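*Asks:* no sequence on this one, just coordinates:
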């Protein structure tokens, strides 16, 4: 799947309120649009991401990059600037991105694999790198 081709279509369908067509498993209920500040370009960049866990004001995503070996650009962007914007099916709000590490990361990664058994094969190309697990926490000022 070529993200540069499919992501603009997914973003347009998401923002229009329509169901997402042409990408298995992508729905308005299990995805968000994440906008980061480009670390090189300085421009705002938006990508669709699947949320696999929520806890209060915190959404959890993984930086799988379609199973490719390098970390995705959006992940590198949020390392440089962790303040992001989230669009879900109901609203748009500011959040702060934090990489989850240690035991909590291990527990969430196990939960991810249990919830997404087909993803193990999908992410096999990322062999050699630890796939980052990211918390997106709603900014308190945004409430």
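*Replies:* On my side now, so go ahead. A quick note: this is a predicted structure, and the numbers were derived from the prediction, not measured.

*Asks:* Going by C-alpha atoms from here, please, whenever you check contacts or count neighbours.
*Replies:* Fine.

*Asks:* And for residue 20, the neighbour number?
*Replies:* 19 (other Cα atoms under 10 Å).

*Asks:* Now do the phi/psi pair for residue 83.
*Replies:* Main-chain dihedrals, residue 83, degrees, to the nearest 10: phi -80, psi 120.

*Asks:* Could you give the bridge partners of the closest residue to it other than its chain neighbours?
*Replies:* Among residues not flanking residue 83 along the chain, residue 96 sits closest, at 4.7 Å (Cα to Cα, 6 or more residues apart in numbering). Taking DSSP bridges as the rule, residue 96 bridges to residue 83, residue 137.

*Asks:* Point me to the helix or strand that includes residue 99.
*Replies:* strand 92-100 (DSSP states H and E).

*Asks:* how about that strand: buried residues?
*Replies:* 94-100 (16 or more other Cα atoms under 10 Å).

*Asks:* quick one, what contacts the residue nearest to residue 83?
*Replies:* Residue 96 makes contact with 82-84, 135-139 under the criterion Cα atoms under 8 Å, 6 or more residues apart in numbering.

*Asks:* Distance check, it against residue 68.
*Replies:* 25 Å (Cα to Cα, to the nearest Å).

*Asks:* all helices for the chain, in order.
*Replies:* Here the chain has its helices, by DSSP state H, at 3-16, 73-80, 102-115, 119-122.
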